[in-house]
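Chemist: let's see this in three dimensions:
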Amino acid sequence: MKLHELRDNPGATKSRKRIGRGPGSGVGKTGGRGIKGQKSRSGVAIKGYEGGQMPLYQRLPKRGFTKPNRKAYAVVNLGLIQKFVDAGKIDAGQPITEDVLVASGLVRRKLDGIRVLAKGEITGKLDIAVTGASRSAIDAVAKAGGSLSVTTAPAAE
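Modeler: Sure, this is the predicted structure:
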């Protein structure tokens, strides 16, 4: 068996049907669309129309509320911070601020701030200062002998 001898199983592949390529193709002239009518034209959207009956998308209740000015935080897990410290991309001796996290490449951009979550293990003593953190993340850093301070970002008006 050589590379040039490889073949697919017979009947495994089928060539696509070329629509509207003359009478000999079996789907020439009207291209399988029949004659006249809305469905024979381009730009048809029949599925959303229910013939005068109230459409399903209008019958269903609308619920909830999307806050137009909600804050979007960049999320970082403790395990990832530890991984970057171990790799030498973040200096554990210095305080770890949001700018340090962005510079190291751990976070692409700050958005409305950076929020630390407790997923993963933290081994060394770290001094972290970020916009937000989960309660379990704060406890995990304190347990490892470090400190996680949460600062409130200035209101962006």
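
Chemist: from Ala140, how far out is Leu80?
Modeler: Applying C-beta to C-beta, to the nearest Å, one obtains 13 Å for the distance of Leu80 from Ala140. C-beta coordinates here come from the backbone N, C-alpha and C atoms, glycine included.

Chemist: so between these two, which is more surrounded?
Modeler: Ala140 (22 against 17; other C-beta atoms under 10 Å).

Chemist: ok, the more buried one - contacts?
Modeler: Applying C-beta atoms under 8 Å, 6 or more residues apart in numbering to Ala140 gives the contacts Leu78, Ala118, Ile122.

Chemist: wait, which of those is closest to Lys47?
Modeler: Proximity of the contacts of Ala140 to Lys47 (C-beta to C-beta) peaks at Ala118, which lies at 46.4 Å.

Chemist: any idea how far that closest one is from Ala129?
Modeler: According to C-beta to C-beta, Ala118 and Ala129 sit 17 Å apart.

Chemist: likewise for Glu50?
Modeler: Distance from Glu50 to Ala129, by C-beta to C-beta: 57 Å.

Chemist: higher neighbour count, the two?
Modeler: Neighbour totals were compared for Glu50 and Ala129, and Ala129 leads with 17 against 13 (other C-beta under 10 Å).

Chemist: number of nearby residues for Arg135?
Modeler: Arg135 has 8 neighbouring residues, counting by other C-beta under 10 Å.

Chemist: next one: Ala92
Modeler: Look at Ala92: counted by other C-beta under 10 Å, it has 17 neighbours.

Chemist: quick check: closest non-adjacent residue to it.
Modeler: Spatially, and ignoring its direct neighbours in sequence, Ala92 is nearest to Val85 (4.8 Å; C-beta to C-beta, 6 or more residues apart in numbering).

Chemist: so that neighbour touches Val100, yeah?
Modeler: No. Val85 is beyond contact range of Val100, at 10.7 Å (criterion: C-beta atoms under 8 Å).

Chemist: joint contacts of the two?
Modeler: Residues touching both Val85 and Val100 (C-beta under 8 Å, 6+ apart): Asp91.

Chemist: mind checking how far Val80 is from Gly52?
Modeler: Not Val; residue 80 is Leu. To Gly52, Leu80 is 56 Å away according to C-beta to C-beta.

Chemist: starting at the chain centroid, how far to the one helix or strand the residue nearest to Ala92 maps to?
Modeler: Applying DSSP states H and E as the criterion places Val85 in helix 78-86. Chain-centre distance of helix 78-86: 23 Å, with C-alpha atoms, centre = their mean, to the nearest Å.
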